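Student: I'd like to go over a predicted model; first the sequence, then the structure.
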Amino acid sequence: MKYDYQKYQKYQKPYKSKHKVKNYRYQKKSRAKSFIKNDATLDELYEFDDLTKNRIKELEAMNMKTFDITVWGTRADGSNIGYYEFKYDDGEELWQAMSEDMVLVDNSDEKRLIEWQDLPDDNIEHLLNAAKKQGFIDDFELEESNEDDD
């Protein structure tokens, strides 16, 4: 019996780029943990302690801020196709809103639909940068919201 590779490929799930990114992050994290546990000197540990405290403060501050987001798309007139307001770590919610509000992907293009579904949604900036890089949007703008405007 002859093996039909194309028929087999048809039923294979496409490799998701999100998995590649997660695996890479896992490898970096694993190496960092190993270095800290086994090889780091006392001075290096103090340095890492300062770095992690500063990074935590930065991330907590970013997650408290709300951003006004303008997204430009591929409409013929080049008009804005979306205005949003989300906190920095609300990437998944922004993805959902963009999916509902905009026609970014032809539902009959399964490959492109999977690429849209696999965009990183850790935070709004990662999502928008990836969407722009992969051609789902033309451009975007993030501005910190002014709480006084409400």
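Tutor: Noted; the coordinates are in hand.

Student: domain parsing of this protein, as residue ranges.
Tutor: Domains of the chain are assigned by automatic domain parsing as 17-64, 66-145.

Student: just these: most buried one?
Tutor: domain 66-145 (a mean of 16; mean count of other CB atoms under 10 Å). The way it works is simple: take the backbone N, C-alpha and C, and place the C-beta from them, glycine included.

Student: how long is that domain from one end to the other?
Tutor: 5 Å (CA to CA, to the nearest Å).

Student: any idea of the mean pLDDT for it?
Tutor: Regarding domain 66-145, the rounded mean pLDDT is 80.

Student: residue contacts, G91?
Tutor: 120-124, 126-127 (CB atoms under 8 Å, 6 or more residues apart in numbering).

Student: surely M98 and G82 touch.
Tutor: Yes - with contact defined as CB atoms under 8 Å, M98 reaches G82; the gap is 6.3 Å.

Student: give the residues shared as contacts by those two.
Tutor: By CB under 8 Å, 6+ apart, the residues touching both M98 and G82 are V71.

Student: mind listing the strands for this structure?
Tutor: Per DSSP state E, the chain carries strands over the ranges 66-72, 80-87, 139-144.

Student: format those as TSV; extra columns: distance to N23.
Tutor: As requested, these are exported to TSV (distance: least, CB to CB, whole Å):
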stretch	distance to N23
strand 66-72	29
strand 80-87	28
strand 139-144	27
